[in-house]
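Participant: predicted model follows, preceded by the sequence.
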Amino acid sequence: MSTEFNLISELQDKTLIIKTEGYINNAGGERIVQELEKHANVNKLILNLEKSKVVNSIGISHLIEVIEKLNQVNGKLIFTNLDPTIEKTFSIMGLFQFAEKADSVESALK
Amino acid sequence: MENNSLVEKLTLQSESFQEGFEILCKSFTFDEMAKNFLHLLRGNFISSRIHLFYKATKDSDWNSIQSQEKFSDAGLSLLSLNNSTPIKYFKGEKYNAVVVLPLSDSSYLGILIGGKLDGSELNDFDKITLQILLQVFDSAHKSFINQKNEKKLIFELNEKVLQLNNLIDTGIELSKYENQNILFELALGRIVVLTNASSALISISENNNGFVERQITFPQNISPESILSSLHKSEAVFNFNNKSYCLVISEKETRKGTTSFNDLDEMLLQAVARQVNASLENDFLLKESLEKERIEKELNLAATIQQKIIPERLPKIDGYQFAGINIPSREVGGDYYDCFDLGEGKFALIVADVAGKGISAALLVSTLNAALHAYLEFNLPLTDLADKLNKLIYKASPPDKYITFSIFVLESKTGKLDVLNAGHNPALLLRKDRTLEQIEAGGIGLGMLDLGIPYVGQTLSMNPGDTLFMYTDGIPEAMNLNEEEYSDQRMTNFFIENSERPVDEFIKLIVEDVKIYVGEAEQSDDITSMILKRI
């Protein structure tokens, strides 16, 4: 079950890896956007959602903002470790037209 | 400037206007577009003293686009919405041009244009360029707004599709949950997504005293109190199995904060509550049905065990007529009868009844049967046999289980009958002269107590014309719809009145008489009987 939202991040060159935990709602989505904004030169964001099982549409709107920000710098967003329900949600919301998905962070880094 | 020269210059610049339009249209945000426009203006007019401002509505303040700092220049007062034209030109002033451009979304773009770097003021060519650039910006802004609206519409449409999909999935997933905790967690996770709630709660309380048995929240670490005391909340309640289930959602999220839930949210909450209710009911009914199935299987197994133990055929005893019957009730009981051929014309006739029904009773009958097979070989006195059986059954059975038991060891040639009755219904011995004896000598039921209380046996003699009738309580205690028993008296009378009949016929008739008496009432206990008549 989801706990309060938390994230940890790691920068590898121009790739930012963010691992989230908990409900991606307005607050959670904002935290992801803010984390990206802290790193000016990032052109690849890997978002590991292994410990996030619930995302609402406000959270998704923040993720779309993340995608747009990365598009501005010809960057890309890769979701990893997606729960099937979230994967279906993102698919319906059209996120995979502008972002990629991978099974794990390791495969997203390749 | 000559007109021809002006047209020529403008023609040359048309390509750069097109490029400018494309740059503006590629902007992701209004700020980015405005900043790109500022670069265009500065490039075209070769001036660094150009400032851009934005006013979101007619009544809001002008905000500088270049920086977050407050713009303190007095030129800001020149940005008036009351101007008859979007552009006003000034000569010899700090600013050569002031623009207030109304945009398609009712916002405004303000521009202050100072002198060029070479100190010159805006010429005719510059003025036409400015007109064109403003049109370029206006078009790009309209395109930007259209794209934004289009994105918003697509998002909202996708959101509705997602909601519908989630609702269908929720129904499916809630119907196949493994335990209640998973069901509640799943329901909470689904309802927050469906309604964009910040948090949700399921509170389960007892209907009779309102005692709150359990509260589950989403997210997990949110306190139930904070949800219940939130400003914007909505709830749905249903009752099931004397418990009240209250689903609460709290604080509908938007990008700008939280708000109250709308009618659609209420409907979605009710729908999820109904699905949870249905899942709990289905689970309850499934468990009930499985339990019924389990009992049914147990009864079938018990019936199989019992059928294997009850003899298919009784032995023939020379000089006697001998018959027996066992009719198990729907709920398998623990009646038992058998006749062991001990050799040399000796036979042991046994009638017994285990207290209780079902597989445990059937297993106890099985134990008794096995023990009799073992002990009867040793030709023990019946009191010793009863004592051993009592100890064995006492150890093998739970406290509420015991066996009432009667044994009759017949020496067929002489008619000597050793009898012991361990708590069983007394057998009836009808003498040829029509006198009736009840055989009660014995002791307590087998397995009731293990206190060494001695059993007492009895020896009788069966003479030609005598009839011995053995039975279990399924005959005298058979009840009709008025819950009146067939009774010992009616059974005894029937026995006396029909004792002259062949034993097979007697058995058939007494069973029929019991069935007639019982009528439509269900057979509540096994019916077992043996009859032995010396010819």
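Facilitator: Received, thanks.

Participant: what ranges do the helices span in chain A?
Facilitator: Here chain A has its helices, by DSSP state H, at A:26-37, A:57-72, A:84-92, A:105-109.

Participant: contacting residues for B:Leu385?
Facilitator: Contacts for B:Leu385 (C-beta atoms under 8 Å, 6 or more residues apart in numbering or on different chains) come out as B:Tyr375, B:Leu376, B:Ile407, B:Leu420. Glycine gets a C-beta too; all of them are placed from N, C-alpha and C.

Participant: the second one reaches B:Phe340, doesn't it?
Facilitator: Yes. B:Leu376 lies in contact with B:Phe340 (C-beta atoms under 8 Å); the separation is 5.4 Å.

Participant: okay, helices next: where are they in the stretch 401-535 of chain B?
Facilitator: Taking DSSP state H, counting those that start in this stretch, the helices of the stretch 401-535 of chain B run over residues B:488-498, B:503-518.

Participant: how about the residues of chain A by chain B?
Facilitator: When proximity is defined by C-beta under 8 Å from any C-beta of the partner chain, chain A lies next to chain B at A:1-5, A:22-23, A:25-26, A:53-58, A:61, A:64, A:68-69, A:71-72, A:85, A:88-89, A:92-94.

Participant: what's the burial count for B:Gly343?
Facilitator: Using other C-beta atoms under 10 Å in any protein chain shown, B:Gly343 has 9 other residues around it.

Participant: returning to what we had before: any chance of the contacts of B:Leu385 in CSV, plus distance to chain A, neighbour count and pLDDT?
Facilitator: Listed next are the contacts of B:Leu385 as CSV, based on distance: C-beta to the nearest C-beta, whole Å; neighbours: other C-beta atoms under 10 Å in any protein chain shown; pLDDT from 0 to 100:
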residue, distance to chain A, neighbour count, pLDDT
B:Tyr375, 63, 17, 93
B:Leu376, 66, 18, 92
B:Ile407, 65, 25, 96
B:Leu420, 67, 24, 95
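
Participant: could you export the residues you listed as a markdown table, including distance to B:Cys246?
Facilitator: Formatted as a markdown table, these follow (distance: C-beta to C-beta, whole Å):
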| residue | distance to B:Cys246 |
| --- | --- |
| B:Tyr375 | 65 |
| B:Leu376 | 67 |
| B:Ile407 | 65 |
| B:Leu420 | 66 |
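
Participant: any idea which of those is closest to B:Pro315?
Facilitator: Of all those, B:Pro315 sits closest to B:Leu376, with 13.6 Å by C-beta to C-beta.

Participant: where exactly do the helices run in the stretch 51-200 of chain B?
Facilitator: Under DSSP H, counting those that start in this stretch, the stretch 51-200 of chain B gives helices at B:124-175, B:180-195.

Participant: pick the most deeply packed of those.
Facilitator: helix B:180-195 (a mean of 22; mean count of other C-beta atoms under 10 Å in any protein chain shown).

Participant: angle of the helix or strand harbouring B:Thr304 against helix B:180-195?
Facilitator: Using DSSP states H and E, B:Thr304 maps to helix B:263-309. Relative orientation of helix B:263-309 and helix B:180-195, computed by axes from the mean of the first three to the mean of the last three C-alpha atoms, to 10 degrees: 160 degrees.

Participant: centre of the chain versus helix B:263-309, how much separation?
Facilitator: Mean C-alpha position of helix B:263-309 versus that of the full chain (C-alpha atoms, centre = their mean, to the nearest Å) differs by 9 Å.

Participant: strand partners of the very next helix or strand once past it, parallel vs antiparallel please.
Facilitator: For helix B:263-309, the succeeding helix or strand toward the C-terminus, using DSSP H and E, is strand B:320-327. If you go by DSSP bridges, strand B:320-327 pairs up with strand B:527-534 (antiparallel).

Participant: quick check: angle from the strand it pairs with to helix B:503-518?
Facilitator: Taking the same axes, to 10 degrees, one finds that strand B:527-534 is oriented at 150 degrees with respect to helix B:503-518.

Participant: average pLDDT for strand B:527-534?
Facilitator: On average, the pLDDT along strand B:527-534 is 95.

Participant: what of stretch B:269-279?
Facilitator: 94.

Participant: do stretch A:12-19 as well
Facilitator: On average, stretch A:12-19 scores 95.

Participant: closest one of the contacts of B:Leu385 to B:Ile191?
Facilitator: Nearest member of the contacts of B:Leu385 to B:Ile191, counting by C-beta to C-beta, is B:Tyr375, at 68.5 Å.

Participant: low-scoring stretches of the chain, by residue?
Facilitator: You didn't pick a chain, so chain A it is. For chain A, applying pLDDT under 70 flags the ranges A:1-3.

Participant: meant chain B actually
Facilitator: B:1-3, B:6, B:9-10, B:67-74, B:330-333.

Participant: packing partners of the helix holding B:Thr304?
Facilitator: With contacts defined as 3 or more C-beta pairs under 8 Å, 6 or more residues apart in numbering or on different chains; DSSP states H and E, the packing partners of helix B:263-309 are helix B:124-175, helix B:180-195, strand B:233-240, strand B:243-254, strand B:335-343, helix B:358-375.

Participant: one more time with 6 Å
Facilitator: helix B:124-175, helix B:180-195, strand B:233-240, helix B:358-375 (3 or more C-beta pairs under 6 Å, 6 or more residues apart in numbering or on different chains; DSSP states H and E).

Participant: how about the residues of the stretch 1-150 of chain B by chain A?
Facilitator: Contacts of the stretch 1-150 of chain B with chain A, taken as C-beta under 6 Å from any C-beta of the partner chain, map to B:Phe28.

Participant: looking at it, B:Ser47 is touching B:Ser120, isn't it?
Facilitator: No. Between B:Ser47 and B:Ser120 no contact is recorded; they are 9.8 Å apart, counting by C-beta atoms under 6 Å.

Participant: who has more neighbours, those two?
Facilitator: For B:Ser47 versus B:Ser120, neighbours defined as other C-beta under 10 Å are more numerous around B:Ser47 (19 against 12).

Participant: name the nearest residue to the more buried one, sequence neighbours excluded.
Facilitator: Leaving aside its sequence neighbours, B:Ser47 sits nearest to B:Lys116 (C-beta to C-beta, 6 or more residues apart in numbering or on different chains; 4.9 Å).

Participant: what number of residues lie near B:Asp433?
Facilitator: Counted by other C-beta under 10 Å, the residues lying close to B:Asp433 total 8.

Participant: can you check B:Lys252 too?
Facilitator: For B:Lys252, the count of nearby residues is 22 (other C-beta under 10 Å).

Participant: swap in the one 4 residues further on?
Facilitator: Counted by other C-beta under 10 Å, the residues lying close to B:Lys256 total 8.

Participant: rewinding a little: nearest to chain A, out of the helices of the stretch 401-535 of chain B?
Facilitator: Nearest to chain A, of all the helices of the stretch 401-535 of chain B, is helix B:503-518, at 58.2 Å by C-beta to the nearest C-beta.
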